[in-house]
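**Q** structure of the sequence below:
(4 chains)
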Number of protein chains: 2
Amino acid sequence: MFAGTGMLSVDFAPHLSQQDLGVLLSRARPSSFRKRDPLFTAGERSQSALLITKGQVKLFRMSEDGREVIFRYSAVGEIIGLAELLSNSPRETCAEAQLSTEVYMIPRKAMLDFMQQRPEVALRAIGVLAARVRSLEEALTNLASDNVEIRLLRLLDRMAVLGDRQPDGRVLLDFPYTHQDVANQITASRQTVSSIFAELKRRGVIESVGRTALLFQSPDDVRRH
Amino acid sequence: MFAGTGMLSVDFAPHLSQQDLGVLLSRARPSSFRKRDPLFTAGERSQSALLITKGQVKLFRMSEDGREVIFRYSAVGEIIGLAELLSNSPRETCAEAQLSTEVYMIPRKAMLDFMQQRPEVALRAIGVLAARVRSLEEALTNLASDNVEIRLLRLLDRMAVLGDRQPDGRVLLDFPYTHQDVANQITASRQTVSSIFAELKRRGVIESVGRTALLFQSPDDVRRH
DNA sequence: GCCGGTATGTCGTCCGCGCGACAGACGCAC
DNA sequence: GTGCGTCTGTCGCGCGGACGACATACCGGC
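**A** Got it, this is the predicted structure:
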């Protein structure tokens, strides 16, 4: 099911044996969502874990003044919704299908039982959560010290692993995000993102290719200013 | 060992049986630190987990431009250092004794073995990490939308649970933090924190009591602006 | 006591960037 | 085609808050 997806994510499903995965999914319910459908929203009481089998999911919160703060986009093979699983508290984060998406919804109880019986699964969940802690800590640190341009370059940096290295050393990356999406990921305004993109193109740091692709200097180059 | 400490933290040690705790600590090494000593620093290879038995620990990162970003202060009974345990990667976060502090250092291997054998311990670690994910997400969201005054009020809000409710409804809280500490927690400058504290005192929202204590309106009142 | 290190209060200056506004550009539906 | 909704580019204004600078206050050590 997860084979051949070109998975790069070091997350949940690829770490389980086919057998474990089968057992877990026997108690789960498949469910599909169209683009922009919510998978869950803040305030909800459901604490299922969701294993993504197709598509992409945007994880975010709404701030009190209506701003959308995006934490990450989750891909196939990743599991989401772990943060509220144990505490059994209402959702604080929202999840929305970025593309047409399919998931297995694993009921809280099934997930807990399974982790009790298979410690290695619990350890995998620990690994997933630990990675998220580190990435959030990094985001917070960057936000505190970097200006918008640097935050944007760091974002491209992080996404570069999903792109293809070109012969000339640059990276070709499918980048189907609007400036608003980008702004919400780096907590900046849409206008500032637009103008910095324009400026980077002027300087030749990045280049548009077709509708959604982006060609930019290798992260290492960018890092060296 | 952890009895009678007035523990409020819903973290690690208080959730384990005395027996489990004994087994775990039999493979751990006690260690003590003076105020301002580092427990670990970014770049280090050690992935021990640290269980705090006395004192308080500041968890933070240094940004590239030398800014200190504080994520939280950990208290007695909490466990720290889980984020890099599984991935076996170098520390990214720094830990420093805020007070004279004692810990048990649990070697990576011992911790992993123990979680394998006791799934309920692994689940507890999941709970700890999940809570940290939620709190970091909240910090990021607040940072994106709130100005410094609101971030400061929210900080007092969160700390209010550690203080004593007075007859008049206000909260008396031991608050031994410098303005610089506060600034680093809410990512603001020291000067701005100083001036906002002064302003809040002028407005009667908060009041100093003795050297380190603070008396302020109940969080609920503050929340209602 | 004196003295040095650290914490606090306050004041200008300056700049990053949020925000409103508006004008194209591009897509899709009909 | 026309019309509408969404996205992008750009400009100017204004403000929050970072930063440097400096005075004062407090603390511990000797």
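
**Q** hey, let's count contacts and neighbours off CA atoms from now on
**A** Noted.

**Q** does residue A:120 touch residue B:117 like I think?
**A** No - counting by Cα atoms under 8 Å, residue A:120 stays clear of residue B:117, with 10.1 Å between them.

**Q** looking at the two now, which is surrounded by more residues?
**A** Higher neighbour count among residue A:120 and residue B:117: residue A:120, with 18 against 12, using other Cα atoms under 10 Å in any protein chain shown.

**Q** now name the helix or strand holding that one.
**A** helix A:119-145 (DSSP states H and E).

**Q** can you name the element that comes right after that helix?
**A** Using DSSP H and E, the first helix or strand after helix A:119-145 is helix A:148-159.

**Q** and for the nearest residue to residue A:62 once chain neighbours are set aside, the neighbour number?
**A** Among residues not flanking residue A:62 along the chain, residue A:68 sits closest, at 4.6 Å (Cα to Cα, 6 or more residues apart in numbering or on different chains). When neighbours are defined as other Cα under 10 Å, residue A:68 has 22 of them.

**Q** got the contact list for residue A:68?
**A** Residues near residue A:68 by Cα atoms under 8 Å, 6 or more residues apart in numbering or on different chains: A:60, A:61, A:62, A:184.

**Q** quick one, phi psi at it?
**A** Backbone torsions of residue A:68, given as degrees, to the nearest 10, read phi -100, psi 120.

**Q** and it, what's its pLDDT?
**A** pLDDT recorded at residue A:68 is 95.

**Q** could you look up the SS state of residue A:96?
**A** Reduced to three states with DSSP: H, G, I helix; E, B strand; the rest coil, the structure at residue A:96 is strand.

**Q** from memory it sits against residue A:59, does it?
**A** Yes - using Cα under 8 Å, residue A:96 is in contact with residue A:59, at 6.7 Å.

**Q** the residue nearest to residue A:62 and DNA strand D, how far apart?
**A** 13 Å (Cα to the nearest atom of the strand, to the nearest Å).

**Q** residue A:27 now?
**A** In terms of Cα to the nearest atom of the strand, residue A:27 sits 37 Å off from DNA strand D.

**Q** and the nearest residue to residue A:64 once chain neighbours are set aside, what does it touch?
**A** Spatially, and ignoring its direct neighbours in sequence, residue A:64 is nearest to residue B:145 (7.5 Å; Cα to Cα, 6+ apart). Residue B:145 sits next to A:63, A:64, A:65, A:67 when contact means Cα under 8 Å, 6+ apart.

**Q** and what of residue A:177?
**A** By Cα under 8 Å, 6+ apart, the neighbours of residue A:177 are residue A:212.

**Q** how far away is it from residue A:78?
**A** Counting by Cα to Cα, to the nearest Å, the gap from residue A:177 to residue A:78 is 20 Å.

**Q** repeat for residue A:173
**A** Going from residue A:173 to residue A:78 by Cα to Cα gives 21 Å.

**Q** skipping adjacent residues, who's closest to the most centrally placed residue in chain A in space?
**A** Geometric centre of chain A, nearest residue: residue A:73, 2.2 Å, by Cα atoms, centre = their mean. Residue nearest to residue A:73 in three dimensions, not counting chain neighbours: residue A:58, with 4.5 Å by Cα to Cα, 6+ apart.

**Q** what secondary structure does the residue nearest to the centre of chain A sit in?
**A** Criterion first, three-state DSSP; result for residue A:73: strand.

**Q** what's the distance between it and residue B:88?
**A** 24 Å.

**Q** what count of nearby residues applies to the closest residue to residue A:173 other than its chain neighbours?
**A** Nearest non-adjacent residue to residue A:173, counting by Cα to Cα, 6+ apart: residue A:163, 4.2 Å away. Using other Cα under 10 Å, the number of residues around residue A:163 comes to 16.

**Q** I figured residue A:163 hits residue A:172, correct?
**A** Yes - using Cα under 8 Å, residue A:163 makes contact with residue A:172 at a distance of 5.4 Å.

**Q** now the angle between helix B:119-145 and the helix holding residue A:120, please.
**A** 20 degrees (axes from the mean of the first three to the mean of the last three Cα atoms, to 10 degrees).

**Q** brilliant, that's me finished.
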